[in-house]
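> starting from these lines, generate the structure:
(4 chains)
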There are 2 protein chains.
Amino acid sequence: MKTPLACRPHDHSRCVHSALSEADALCARQGVRLTALRRRVLELVWQSHKPLGAYDILAVLSEEDGRRAAPPTVYRALDFLLENGLVHRIASLNAFVGCNHPEHAHQGQFLICRQCHTAIELEQPAISEAIVAGARTVGFTVEGQTVEIVGLCAACREAA
Amino acid sequence: MKTPLACRPHDHSRCVHSALSEADALCARQGVRLTALRRRVLELVWQSHKPLGAYDILAVLSEEDGRRAAPPTVYRALDFLLENGLVHRIASLNAFVGCNHPEHAHQGQFLICRQCHTAIELEQPAISEAIVAGARTVGFTVEGQTVEIVGLCAACREAA
DNA sequence: AAAGAGACGTTATTCTATTACTCTTTTGCC
DNA sequence: GGCAAAAGAGTAATAGAATAACGTCTCTTT
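Residues are numbered from 1 along each chain as shown, chains lettered A, B, ... in the order given. The predicted model follows:
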């Protein structure tokens, strides 16, 4: 079902590499362990331009290891990455994407193209603030936000 | 796992009743059929103060019918109700809630209390507009919004 | 009455995620 | 270095969410 998508050629492998380096540094600073497995999972998530399902990751790991990996292996790694802000989960897709700004805690907003399936992470304080303000009108205290927008990205709209 | 929650006594059954009447009228107007099954599923969703899982609905139907219903039965009814704007799906919970404003097409924002699990539907143009504006900054055209907020509702915050 | 469409039943399967238990590796401490 | 404790990872089984494929029934509509 999931077709691997062409990379914009420019520097994607370099992006992945720098994301991994940043993750290394961040984990060292936090005193948590970015093990080989966790790092590999993070790399796979970053390599994909689209949100990646746990079982997609599982399939890759199984193939490269010979022995077929089991779900908990992947889910544990993903839990670690989520806890440490290195990836985000897209609830509406049951999938995961690398976080663009792992250096500070946040919950992004996601723009998901229905055409190319790319997920763009947004961090617009105006959106968060509108939500907090809206919630306050009914006395609700916001603790976490899930904002997932589907539509057409700029590239796909032009192409159409 | 899911504990049935106490109703605010006031007039909940009347709320459900009026929601169903409204659904009847709306379906008649649209020329679509709110069959007994679909109506029953809608009633169950409305009766619950919390987002209801498809398999919760399935369990109730199975119990009251004697013969155990199968998933497609419920999912088809839910699909119909979704298409006609009578219920909303909460992606982050894999669950469904009755729509408060079925009379006009819209996509609400949902406030989900982590304590009592109640879902409050919000319809704040300011939030939608902030999202559309934010998306526009990267050339993204919004077609659908999933906004699901977790936190504490007013009642639970007071109780704490 | 016959045809066609829509709704529903039934079985099986896929996809997503977790539980429970074991074994290994790493780490901190002496 | 050696050792206990803790963290990480393997494994098997299962739970939970959703869909596919096919058949049957029941309405209209003609």
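
> please count neighbours and contacts with C-alpha atoms only from this point.
Noted.

> quick check: residues of chain A near DNA strand D?
Contact residues (C-alpha under 7 Å from any atom of the strand) of chain A with DNA strand D: A:32-33, A:35-38, A:67-73, A:76-77.

> show me how far the helix or strand bottoming out on mean pLDDT in chain A is from its chain's centre.
Ranked by mean pLDDT, DSSP states H and E, the weakest helix or strand in chain A is helix A:12-30, scoring a mean of 91. Per C-alpha atoms, centre = their mean, to the nearest Å, the displacement of helix A:12-30 from the mean C-alpha position of its chain is 14 Å.

> cool, stretch A:135-155 as well?
17 Å.

> in chain A, which residue is most central in space?
When C-alpha atoms, centre = their mean is applied to chain A, the residue found nearest the centroid is residue A:97 (1.6 Å).

> now that residue, what's its secondary structure?
With DSSP: H, G, I helix; E, B strand; the rest coil as the basis, residue A:97 sits in strand.

> quick one: it and residue A:51 touch, right?
Yes. Residue A:97 lies in contact with residue A:51 (C-alpha atoms under 8 Å); the separation is 4.9 Å.

> shared neighbours of those two, anything?
Residues touching both residue A:97 and residue A:51 (C-alpha atoms under 8 Å, 6 or more residues apart in numbering or on different chains): A:45, A:90, A:119.

> the second one contacts residue A:96, correct?
Yep, that's residue A:90 we're talking about. Yes. If you go by C-alpha under 8 Å, residue A:90 and residue A:96 touch, sitting 5.8 Å apart.

> mutual contacts of those two, please.
With contacts defined as C-alpha under 8 Å, 6+ apart, the residues shared by residue A:90 and residue A:96 are residue A:51.

> just after the least confident helix or strand of chain A, pick out the following helix or strand.
Once the chain leaves helix A:12-30, the next helix or strand it forms, by DSSP states H and E, is helix A:36-47.

> what's that following helix in contact with?
So helix A:36-47 is contacted by A:12-13, A:16, A:19-20, A:51-52, A:57, A:74, A:77-78, A:80-81, A:86-87, A:96-98 (C-alpha under 8 Å, 6+ apart).

> please apply the same query to stretch A:116-131.
A:49-51, A:97, A:99-100, A:107-113, A:145, A:156, B:126-127, B:130-131, B:134.

> any residues of chain A in contact with chain B? List them.
A:91-92, A:111, A:122, A:124, A:126-127, A:130-131, A:134-135, A:138-154 (C-alpha under 8 Å from any C-alpha of the partner chain).

> now the longest strand seen in chain A: buried residues?
Counting residues, the longest strand in chain A under DSSP state E turns out to be strand A:141-152. The neighbour-count criterion (16 or more other C-alpha atoms under 10 Å in any protein chain shown) identifies A:141, A:142, A:145, A:146, A:147, A:148, A:149, A:150, A:151, A:152 as the buried residues of strand A:141-152.

> repeat that for stretch A:110-119.
A:110, A:111, A:112, A:113, A:117, A:118, A:119.

> can you name the two of the residues you listed that sit furthest apart?
The largest distance within the buried residues of stretch A:110-119, taken as C-alpha to C-alpha, falls between A:110 and A:117 and amounts to 11.4 Å.

> helices - which of the contacts of stretch A:116-131 land there?
Counting by DSSP state H, these place A:156, B:126, B:127, B:130, B:131, B:134 in helices.

> nearest to DNA strand C among those?
residue A:156 (23.4 Å; C-alpha to the nearest atom of the strand).

> would you check that the closest one makes contact with residue A:114?
No. Using C-alpha under 8 Å, residue A:156 is not in contact with residue A:114, being 9.1 Å away.
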